[in-house]
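Asks: Sequence and predicted structure, then a few things I'm wondering about:
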Amino acid sequence: MASTVTRLSFIAAVAAALSTGCWGPSPESGPAAEIYGNCISCHMENGGGKQIILAPAIAGLPQWYVEDSVRKFRSGVRGSHFYDVAGMRMRPMARTLKEAQITPVAEYVANLPPVPQPKTMEGGDATKGKALFATCTACHGADGSGTTLGKPGPTSGPPIARMADWYIYEQLSKFRTGMRGADGKRDPNGFSMANMAKTTLKNEQAVKDVIAYIGTLGK
């Protein structure tokens, strides 16, 4: 499968990143909100994200998942692959956080109301996708609401029912091509996800089909 970031999208994303940056003014409603102020230029004040710069919606994600993701970016488990434009932009931002700041900002993000995401993808068959999604239920739940473990692990998965379709596509592509989940020791849940994506989603159409089905969840 071709890289998820084509030459044109690579150039566009870099240009957008340079023009917007990922740092913004800090709200004045408490320490955690001030920390989150560094995130709003990419993820928006409401946590709704910006597709144009490949920044996902993060509002309402579980605290454990936000903490785990930030730590992976800080350590290079995520965001170190040359073609992972969005990840390479997120990694230096994550590295500006002190360890003591990760939990409060993650709690702040988790308490933001989820922001509805528009449908941007076509061509998927939700009926076929439902069969493919059966493999995903162990980590993401039959309704796409995610794990209830409350911590990282081989079967820990975030809620995906209302996640942006373009972002799911990007991440599945990264898992399938090795941009994410390559390190089983430092990223056990990512490693499990990568194996699932490679074995279950055999081609581009399968990816679109499962995304189409995910789009029917949580409604």
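Replies: Perfect, I can see it now. Note that the structure is predicted; figures quoted are calculated from it, not measured.

Asks: which stretch of helix or strand covers the residue lying closest to Phe82 once chain neighbours are set aside?
Replies: Leaving aside its sequence neighbours, Phe82 sits nearest to Met88 (C-beta to C-beta, 6 or more residues apart in numbering; 8.0 Å). Placement of C-beta: from N, CA and C, glycine included. In this structure, Met88 is located in helix 85-95 according to DSSP states H and E.

Asks: Distance from that helix to the middle of the chain?
Replies: Computed by C-alpha atoms, centre = their mean, to the nearest Å, the separation of helix 85-95 from the middle of its chain amounts to 13 Å.

Asks: Show me what the following helix or strand past that helix is packed up against.
Replies: Stepping forward along the backbone from helix 85-95, the first helix or strand reached (DSSP H and E) is helix 99-110. Judged by 3 or more C-beta pairs under 8 Å, 6 or more residues apart in numbering; DSSP states H and E, the packing partners of helix 99-110 are helix 31-36, helix 63-75.

Asks: from the ones you listed, which stretch is densest packed?
Replies: Neighbour counts (mean count of other C-beta atoms under 10 Å) averaged over each of these peak at helix 63-75, with a mean of 21.

Asks: Name the surrounding residues that touch that one.
Replies: The set of residues that contact helix 63-75 without belonging to it, under C-beta atoms under 8 Å, 6 or more residues apart in numbering, is 58, 78-79, 87, 90-91, 93-95, 97, 102-103, 105-107, 109-110, 146, 149-152, 156, 158, 186-187, 189-190.

Asks: Stretch 208-219 now?
Replies: With C-beta under 8 Å, 6+ apart as the contact definition, stretch 208-219 has outside contacts at 119, 121, 123-130, 132-133, 136, 143-145, 160-163, 165, 168-169, 172, 201.

Asks: okay, now the domains of the protein?
Replies: Split into domains by automatic domain parsing, the chain comes to 7-110, 126-214.

Asks: and these as JSON lines, adding mean pLDDT?
Replies: Written out in JSON lines, the entries for the domains of the chain read as follows (pLDDT from 0 to 100):
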{"stretch": "domain 7-110", "mean pLDDT": "84"}
{"stretch": "domain 126-214", "mean pLDDT": "94"}
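
Asks: and the residue lying closest to Leu112 once chain neighbours are set aside, what is it in contact with?
Replies: For Leu112, the nearest residue in space outside its immediate sequence neighbours is Ala59; the separation is 3.7 Å by C-beta to C-beta, 6+ apart. Contact criterion C-beta under 8 Å, 6+ apart gives 46-48, 109, 112-115 as the residues in contact with Ala59.

Asks: Now, of the residues you listed, which are buried?
Replies: Burial by neighbour count, 16 or more other C-beta atoms under 10 Å: within the contacts of Ala59 this picks out 47-48, 109, 112, 114-115.

Asks: Now distance to Val70 and secondary structure too, for those residues, in CSV please.
Replies: Conversion of the buried ones among the contacts of Ala59 to CSV gives the following (distance: C-beta to C-beta, whole Å; DSSP: H, G, I helix; E, B strand; the rest coil):
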residue, distance to Val70, secondary structure
Gly47, 14, coil
Gly48, 19, coil
Val109, 10, helix
Leu112, 15, coil
Pro114, 19, coil
Val115, 20, coil
